[in-house]
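Asker: This is a predicted model, with the sequence first.
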Amino acid sequence: MRRTFALLTALLAATLTVPALAQVPANLVGANLQGKNLHNADLHNANLQNADLQDADLSGANLAGANLRGANMLGVHLGGTNLTGAVLQNTNLQHANSENANFQNANLQQANLQGADLQNSTFTGADLYGANLTHANLFGANLQTANLQTANLNGANLHNAVLNNANLQHGNLQGANLIGSNLADAKLQGANLYRAKRSASSALAFTTPPSCADAVTRYDTRPAKAGSSDADA
């Protein structure tokens with residue numbers, strides 16, 4: 001009997017898979033999951049507040065409704081991950097690889113997404129108030145109706161991004177690449193668009209009311225000088 005139990009224990013330890021990890025208690029507050037392979041894990045509604053997920057592989061995982069407030073997700077892999085309605089307030093997502101991730105209706109207030117790869121990701125209805133998106137790659141991202149008030153998009157790549165009805169009031173888009181982007185009906189009062197790049201085909205419809213026309217600050221489309229730190233097109 002003891003031999004059988006020991007054999008089963010060893011077998012379970014040797015064959016533990018990511019789906020099995022998904023069945024651990026949902027309370028993972030402050031857990032150390034640095035570098036862990038959580039590919040395709042089901043962690044919906046899990047409490048991962050202040051967890052350390054640096055360099056973890058969460059690609060394809062289900063994190064819908066998860067609480068990731070204050071988590072360390074530096075360099076995390078989120079390709080194709082479902083983060084619908086997740087809470088990522090004050091979360092560190094610097095240099096995260098989040099291509100094709102779904103952040104629909106997620107709370108990303110004050111999140112740090114500096115240098116993150118967010119191309120083709122969905123942020124419809126997401127709250128990115130005060131988020132740091134400096135030099136983030138948002139190529140083809142869907143930010144329709146997203147709240148980007150006071151967000152820092154300095155040097156961000158928004159090539160072909162969808163920003164219809166997005167709120168960019170008092171946001172910093174200095175040197176951002178807006179070529180091919182759609183800003184129809186976006187709110188841009190007080191936004192800094194100095195040296196922002198756009199093409200003639202861009203649907204850059206500034207619908208700022210006449211009384212607020214001066215609130216859109218420093219809009220300049222002149223080509224950047226050689227050696228400029230602006231993001232490449």
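Answerer: Perfect, thanks for sending it. None of the values given here were measured: they were computed from a predicted structure.

Asker: what about Asn32, how many neighbours?
Answerer: Per other C-beta atoms under 10 Å, the neighbour tally for Asn32 reads 12. C-beta here means a position set from N, CA and C on the backbone, and glycine is covered the same way.

Asker: Give the bridge partners for the spatially closest residue to it that is not a sequence neighbour, please.
Answerer: Using C-beta to C-beta, 6 or more residues apart in numbering and skipping the chain neighbours, the partner closest in space to Asn32 is Asp52 (5.0 Å). Following DSSP bridges, Asp52 is listed with bridge partners Asn32, Asn72.

Asker: What of Asn102?
Answerer: Asn82, Thr122.

Asker: Tell me the confidence at it?
Answerer: pLDDT for Asn102: 98.

Asker: residue ranges with poor pLDDT in the protein?
Answerer: 1-26, 200-233 (pLDDT under 70).

Asker: Okay, strands next: where are they in it?
Answerer: Taking DSSP state E as the test, the strands found in the chain are 192-194, 217-220.

Asker: picking up where we left off before, tell me how many other residues surround the residue nearest to Asn32.
Answerer: Neighbour tally, Asp52, other C-beta under 10 Å: 19.

Asker: How about Arg195?
Answerer: So Arg195, with other C-beta under 10 Å, has 21 neighbours.

Asker: And it, how close does it get to Leu88?
Answerer: According to C-beta to C-beta, to the nearest Å, Arg195 and Leu88 sit 29 Å apart.

Asker: quick one: contacts for Gln104?
Answerer: Residues counted as contacts of Gln104 (C-beta atoms under 8 Å, 6 or more residues apart in numbering) are Thr84, Gly85, Thr122, Phe123, Thr124, Gly125, Ala126.

Asker: Out of those, which is nearest to Gly60?
Answerer: Thr84 (14.0 Å; C-beta to C-beta).

Asker: How many residues are close by the closest one?
Answerer: Residues near Thr84, counting by other C-beta under 10 Å: 20.

Asker: Quick one: residues contacting the residue nearest to Asn32.
Answerer: Applying C-beta under 8 Å, 6+ apart to Asp52 gives the contacts Gly30, Ala31, Asn32, Leu33, Gln34, Ala71, Asn72.

Asker: Include distance to Gln174 when you put those into JSON lines, please.
Answerer: Converted to JSON lines, the contacts of Asp52 look like this (distance: C-beta to C-beta, whole Å):
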{"residue": "Gly30", "distance to Gln174": "37"}
{"residue": "Ala31", "distance to Gln174": "38"}
{"residue": "Asn32", "distance to Gln174": "38"}
{"residue": "Leu33", "distance to Gln174": "36"}
{"residue": "Gln34", "distance to Gln174": "34"}
{"residue": "Ala71", "distance to Gln174": "29"}
{"residue": "Asn72", "distance to Gln174": "28"}
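
Asker: which residues in this structure form helices?
Answerer: For the chain, helices defined by DSSP state H occupy the ranges 2-15, 18-21.

Asker: Neighbours of Gly190, how many?
Answerer: For Gly190, using other C-beta under 10 Å, the count is 17.

Asker: does Asp186 really touch Leu168, like I thought?
Answerer: If you look again at residue 186, you'll see it is Ala, not Asp. Yes. Counting by C-beta atoms under 8 Å, Ala186 touches Leu168, with 5.7 Å between them.

Asker: quick one on the thing from earlier: so how far is Asp42 from the residue nearest to Asn32?
Answerer: Counting by C-beta to C-beta, the gap from Asp52 to Asp42 is 20 Å.
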